[in-house]
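Asks: Give me a 3D structure for the following:
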Amino acid sequence: MQYKGLSICSMQMLADYMKYDPKSNHKIIPRIKTIIGELIENKYITKMCDLSYEEIALSEINKDFMFYVEIPEPLSTLYFKVFDKNMDAIFNYLQDKKLNKFSMMRYYIACCRVSNNDASIGYLTQGKLKKLVSDSRTIQRYNNILQDELNLIIYNNSYLTPDKHYCTTFIGKWDDEENFNKQLEVEVGVKGLVHTDKIKSNERRSVKQEINHLVSEKDIRIKELEEKLKQYEELQYKPPVDDSEDAMDFRPVAERKGKGLQNKKKVVKDDIEDMSDIELIEEMGWDKDLIDWSGEDEELFS
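Replies: Numbers count the residues shown, from 1 in each chain. Okay, here's the model as predicted:
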């Protein structure tokens, strides 16, 4: 219901209109409240009132609170039409789909805007499209839904610029196909656009992406194997580590000489009864001059 530029609503009503259930989606009411605040900030909503037409603040509104919003009258030359039935069709379609409702509705409104002219045809540049939706595959999906499933628009993005770059997506009204094709033909001739087979182009791009993916996977696998080979080599050429006190030192004599016995072991003179022990000491590379022969109670091996 509208009265002198006023519209009555509630956050629950807005959620229902967009096919959201606040009981299962607890974020939707705070999200709607945030959006209303942004509309007020940008002067798309000029005032909010209760049912007695008393002005209220956004902070006073809860989920079931009914309120009026005052919307400024559009300037006669600065508006375009978006039909309620078409918005209903989009929200109904998206009810059980994993697509962003706000994003797709914003894209549809952009399509309505660019085709709102005497020729009933417009276009969205690549730069504009990316500002609306960052993923080109999502844009193509929106186009297919709006044209082939909902019959709300007609589009064509099968033309390249003379230097082989994608130029624009041409958009028109679904029930105006004959005019759309005529206007498109004029645009193609004026700009010197080149037609391309979109299906083959997409297939070619898909093959290139698959090749790049396989090359990337191959590089990763090679690095993994090289790292594993390095680990095997380290294990093969690294002597076993024995930190026990009885461990023998297999290093060359030159590396051990002058460093004393490992863990500063002492040898007691009484423990060496004949030359075979001396020979053993020499065989192990120990320096006899570094052995402490004065100990009485300490042993070579603990």
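
Asks: mind giving me the domain ranges of the protein?
Replies: Here the domain parsing of the chain from automatic domain parsing is 2-70, 84-196, 199-238, 243-302.

Asks: so what secondary structure elements neighbour the helix or strand harbouring Met13?
Replies: Following DSSP states H and E, one finds Met13 within helix 11-17. Counting contacts by 3 or more C-beta pairs under 8 Å, 6 or more residues apart in numbering; DSSP states H and E, helix 11-17 is packed against helix 28-41. From N, CA and C alone the C-beta is placed, and that goes for glycine too.

Asks: Quick one: name whatever helix or strand follows the lowest-mean-pLDDT helix or strand in the chain.
Replies: When each helix and strand of the chain is scored by mean pLDDT, DSSP states H and E, strand 2-3 comes last, with a mean of 44. Downstream of strand 2-3, the next assigned helix or strand under DSSP H and E is strand 6-9.

Asks: Give me whichever of the domains of the chain is most buried.
Replies: domain 84-196 (a mean of 15; mean count of other C-beta atoms under 10 Å).

Asks: Just give me how far that one sits from the chain centre.
Replies: 25 Å (C-alpha atoms, centre = their mean, to the nearest Å).

Asks: can you check stretch 47-63 too?
Replies: Worked out by C-alpha atoms, centre = their mean, stretch 47-63 lies 39 Å from the chain centre.

Asks: can you list the weak-confidence ranges in this protein?
Replies: 1-4, 197-208, 232-302 (pLDDT under 70).

Asks: rerun at 50
Replies: 1-3, 258-275, 296-302 (pLDDT under 50).

Asks: And the strands in it?
Replies: 2-3, 6-9, 47-49, 67-70, 121-125, 153-156, 159-160, 168-173, 194-195 (DSSP state E).
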